[in-house]
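J.: Quick check, what structure comes out for this input:
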Amino acid sequence: MKKPVIIGLLCLLAASAAGFAETQQGTEEVLMGLAADAKTLTIRVESGGCTEKKGFHIAVQKTERRAPHHVLTIYRIGRDECKAFLMDGVELKFDLNKDLGLSGSTTYSIANKIRGRP
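T.: Numbers count the residues shown, from 1 in each chain. Model prediction:
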């Protein structure tokens, strides 16, 4: 009788830990647009009026190729609880070197989806 209870508790603990890791990373953001160059990544995201750069986490994953390449995934860490509706969202700029640690001869791509407008 004790074994099924222990196994059940272990499964529940594992499921809770997996959910916690997902919330720590945030929610993958569907972008309204982006602009990128060799020094800066600019993203356009939905906003209720309180969206700030610090409300996002950008995961940088290095991939092995002939030249260094990084895949960036943008996550929203917290919700924008403000009530304004900014139809065009807001632009947030990230310095590739200072904010993301990318420098030198490297390439990068964005993993996030981009929402089209009707």
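
J.: Listing request: residues of the chain with sub-threshold pLDDT.
T.: For the chain, applying pLDDT under 70 flags the ranges 1-24, 118.

J.: and with 50 instead?
T.: Along the chain, segments meeting pLDDT under 50 span 1, 4-23.

J.: Mind telling me which residue is nearest the centre of it?
T.: In the chain, the C-alpha nearest the mean C-alpha coordinate belongs to Tyr75, at 1.8 Å (Cα atoms, centre = their mean).

J.: Do I have it right that that residue meets Val30?
T.: No: using Cβ atoms under 8 Å, Tyr75 makes no contact with Val30, being 11.4 Å away. Bear in mind the C-beta positions are built from the backbone N, C-alpha and C, glycine included.

J.: now what about stretch 28-47, what contacts it?
T.: Stretch 28-47 is contacted from outside by 51, 56, 58, 72-76, 80, 82, 84, 86, 88-97, 100, 108, 110-115, 117, using Cβ atoms under 8 Å, 6 or more residues apart in numbering.

J.: Now find how far off-centre that stretch is within its chain.
T.: Its chain's average C-alpha position is 11 Å from that of stretch 28-47, according to Cα atoms, centre = their mean, to the nearest Å.

J.: Mark which of the contacts of stretch 28-47 are part of strands, please.
T.: In strands, defined here by DSSP state E, the members of the contacts of stretch 28-47 are 56, 58, 72-76, 90-95, 108, 110.

J.: about what we covered before: drop anything exposed from the contacts of stretch 28-47.
T.: Buried members of those, scored by 16 or more other Cβ atoms under 10 Å, are 51, 56, 58, 72-76, 80, 89-90, 92, 94, 96, 100, 108, 110, 112.
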